[in-house]
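>>> my questions are about this predicted structure, shown below with the sequence.
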Amino acid sequence: MKKLIFKIGVFLFLLLGGLSMLESIFIEYRRGSTSSVLSFLKAPRGSVEVLMLGSSHFWKGIDPVVFETKTDKKTEMIIGTDIGIDQVYWNLKKALEFQNPETVVLDTWPLVTPNPYSNYINERYYPLRFITGSHLGIQIESELEQNFVVGRSHLSWYQLFDMIRYHDFWTKEEMYPSFLSYSKDNDPKRNFKRTQLNKSKLTDAMVRQFAQTDFEAEELFISEDELFYLQKIIELSREFNFDLLFVSVPVYSEYFQKTKEGFGRIKSTLDSIVEQNENIQFYNLNYLEEGYDRSFIFNEKQVSFNQHLNYRGIVRATTSVANYYNGKADKVDSVRMKMENLVLYSGNIKSDTIFRGAAESVNNKPYKFSSTKNLLTFNENTEALKIRGWMQLTGKMEEELNFYVALKNEDGEIHLAQATLTENEQAKSDPRKAQRQYFTALFTTDMLSNSEYKIYNLIEAAQGTVYIMDPWKWVAIK
């Protein structure tokens with residue numbers, strides 16, 4: 001009997017030990033929050049200029065690296081999955097012990113979530129998952145006091161191990177190399193980005209299900225409990241002298257249209273708060289866009305009120321928020337949307353005698369003639385891609401033109417950069433090239449995934465008219 005008990009004990013020890021070691025492979029829903037906290041804690045004290053806080057809608061909605069690149073502001077993000085505005089307040093309060101940001105950007109979804117956990121904070125209880133320096137393998141001052149809420153805990157023993165909860169990941173072949181790369185990398189910000197690179201978009205079946213589902217808008221409101229914690233956040237903004245920017249990340253357009261009345265209530269409440277506080281702004285991107293179409297929405301397991309963006313949607317939303325922050329846009333950038341759609345649905349672009357151009361080199365590495373695919377490949381550690389070439393729009397050169405370069409991979413991920421014009425040295429030796437506009441376009445590789453991108457040249461002319469041409473060149477990050 002003793003031997004049997006001993007064998008059972010050894011078996012359970014080995015089983016639990018094995019599950020614990022394998023656990024990290026299956027923390028798909030924890031890696032984002034863990035990496036965001038670690039990145040924040042590793043930032044030198046006093047270095048963070050913009051601090052973003054929120055739920056999974058910021059995790060799967062805003063890329064802090066892209067935002068930092070476009071605003072030139074040191075940016076960090078702290079997110080927790082399935083949390084309310086009370087936990088956002090707690091995370092902000094703890095974060096202010098480390099940093100003194102000039103702007104705090106808050107996700108509105110913890111206020112929007114149509115469930116009792118958010119609307120009736122003081123009438124519900126659920127355990128929270130905290131994370132401290134010991135969990136992250138680093139030493140921080142007053143470790144027991146410096147903890148952050150990274151999600152909601154579950155009481156079921158079945159959910160103690162993520163490898164059981166998320167067993168459907170077992171069939172995802174791409175998960176294993178992704179985990180190996182993650183475990184070898186000491187850069188938490190890069191690891192956070194890896195968790196954002198969702199390539200899927202809503203399938204036809206999911207689109208039909210959304211169309212057939214009735215969604216209730218009654219629970220979309222900011223409750224008295226939530227207003228209580230909003231006021232505490234506003235008090236912190238005054239005490240620590242920072243600006244507040246509320247941002248609504250777009251949901252799926254079908255869901256938005258069915259619940260627009262509820263989103264209108266959220267808008268009215270936050271608009272009223274903005275009117276009463278000079279240091280608060282609300283960029284209601286979701287309402288401006290009336291949601292995103294299916295190509296920007298990550299394909300979830302099931303239809304629900306909770307939708308997230310794929311990486312193409314993340315880049316689009318982040319660009320809009322960065323433009324708003326920079327004071328460049330207070331409405332949707334319709335020209336950029338037109339360009340993205342032209343690139344997305346470009347197909348095979350026929351050669352055009354009106355719009356001619358070329359992509360001649362990347363990082364001073366010239367393209368050579370190729371009868372197949374004209375491709376230049378760069379290592380993922382390359383900091384940026386500097387694309388040089390020229391464009392010429394016959395009959396339009398006297399107009400004020402804006403020049404752009406776009407990159408698109410096979411997953412529909414699109415990146416757009418405004419080109420800077422350079423001196424036309426070629427015209428001195430060849431007068432036939434005098435009408436060419438030579439350009440340089442810069443893409444930071446933090447914004448790009450490891451894949452092949454096709455290059456497109458675009459020109460914006462008068463009244464927002466956009467022209468596109470295909471130089472038939474590719475660039476790859478490996």
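That came through, no problem.
>>> the bottom helix or strand of this structure by mean pLDDT?
Among the helices and strands of the chain, helix 133-136 carries the lowest confidence by mean pLDDT, DSSP states H and E, at a mean of 40.
>>> Gly291 reaches Thr259, doesn't it?
No. At 9.6 Å, Gly291 and Thr259 do not qualify as touching, with contact defined as CB atoms under 8 Å. Any C-beta I mention is one placed from the backbone N, CA and C, and that applies to glycine too.
>>> buried stuff in stretch 275-286?
With burial defined by 16 or more other CB atoms under 10 Å, the residues of stretch 275-286 counted as buried are Ile280, Gln281, Phe282, Tyr283, Asn284, Leu285, Asn286.
>>> what's the closest of those residues to Glu452?
The closest of these to Glu452 turns out to be Leu285 (CB to CB; 30.0 Å).
>>> distance of the closest one from Phe246?
The spacing between Leu285 and Phe246, counted by CB to CB, to the nearest Å, is 10 Å.
>>> isn't Lys74 right up against Ser47?
Yes. At 5.5 Å, Lys74 counts as touching Ser47 under the criterion of CB under 8 Å.
>>> with neighbour numbers in mind, choose between those two.
Neighbours were tallied for Lys74 and for Ser47 using other CB atoms under 10 Å; the higher tally belongs to Lys74 (18 against 12).
>>> chain neighbours aside, what residue packs nearest to that one?
The spatial neighbour of Lys74 that comes closest, neighbours along the chain excluded (CB to CB, 6 or more residues apart in numbering), is Glu49 at 4.7 Å.
>>> could you do Ile314 as well?
Excluding its sequence neighbours, the residue lying closest to Ile314 (CB to CB, 6+ apart) is Asp63, at 5.2 Å.
>>> backbone dihedrals for the one you found, please?
Dihedral pair for Asp63: phi -100, psi 110, per degrees, to the nearest 10.
>>> next, count neighbours for it.
The tally of other residues near Asp63 (other CB under 10 Å) stands at 29.
>>> what separates stretch 75-88 from the chain centre, distance-wise?
15 Å (CA atoms, centre = their mean, to the nearest Å).
>>> could you do stretch 77-94 as well?
Using CA atoms, centre = their mean, the distance between the centre of stretch 77-94 and that of its chain works out at 18 Å.
>>> also stretch 276-295?
For stretch 276-295, the gap between its own C-alpha mean and the chain's C-alpha mean amounts to 15 Å (CA atoms, centre = their mean).
>>> average pLDDT for that stretch?
Mean pLDDT, taken over the full extent of stretch 276-295, equals 93.
>>> tabulate the CA atom coordinates of it in CSV.
Listed next in CSV are the C-alpha coordinates belonging to stretch 276-295 (Å, rounded to 0.1, in the frame of the first residue of the first chain):
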residue,chain,number,x,y,z
GLN,A,276,-15.5,69.7,-17.9
ASN,A,277,-11.8,69.0,-17.9
GLU,A,278,-9.2,70.9,-19.9
ASN,A,279,-6.6,68.2,-19.7
ILE,A,280,-8.8,65.4,-21.2
GLN,A,281,-9.4,64.5,-24.8
PHE,A,282,-11.5,61.7,-26.4
TYR,A,283,-10.5,60.3,-29.7
ASN,A,284,-13.6,58.2,-30.6
LEU,A,285,-12.0,56.3,-33.5
ASN,A,286,-14.6,53.5,-33.3
TYR,A,287,-17.5,56.0,-33.7
LEU,A,288,-15.7,58.0,-36.5
GLU,A,289,-15.1,54.8,-38.5
GLU,A,290,-18.4,53.2,-37.5
GLY,A,291,-16.3,50.1,-36.9
TYR,A,292,-13.8,48.3,-39.2
ASP,A,293,-14.7,46.0,-42.0
ARG,A,294,-14.0,42.2,-41.8
SER,A,295,-10.5,42.5,-43.3
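>>> let me know the helix or strand that Val53 is in.
Quick fix: residue 53 is Leu, not Val. Using DSSP states H and E, Leu53 sits in strand 50-54.
>>> check which helices and strands that strand sits against.
helix 64-71, strand 75-79, helix 85-95, strand 103-107 (3 or more CB pairs under 8 Å, 6 or more residues apart in numbering; DSSP states H and E).
>>> try 10 Å
Applying 3 or more CB pairs under 10 Å, 6 or more residues apart in numbering; DSSP states H and E, we find strand 50-54 packed against helix 31-42, helix 64-71, strand 75-79, helix 85-95, strand 103-107, helix 109-112, strand 243-247.
>>> now Phe221, what are its backbone angles?
Here is the backbone geometry of Phe221 (degrees, to the nearest 10): phi -160, psi 160.
>>> what's the distance between the closest residue in space to it that isn't next to it in sequence and Lys338?
Spatially, and ignoring its direct neighbours in sequence, Phe221 is nearest to Arg265 (4.8 Å; CB to CB, 6+ apart). Using CB to CB, one gets 32 Å for the distance from Arg265 to Lys338.
>>> next: Thr394.
21 Å.
>>> ranges for the strands of the stretch 301-450 of the chain?
According to DSSP state E, counting those that start in this stretch, the stretch 301-450 of the chain carries its strands in the segments 355-362, 365-366, 375-378, 384-393, 402-408, 414-418, 420-422, 437-444.
>>> go through those strands and find the least confident stretch.
The stretch with the lowest mean pLDDT among the strands of the stretch 301-450 of the chain is strand 414-418, which comes in at a mean of 87.
>>> rewinding a little: look at Thr394 and Lys338 and report which has more neighbours.
Comparing Thr394 with Lys338 by neighbour count (other CB under 10 Å), the higher total belongs to Lys338, at 16 against 11.
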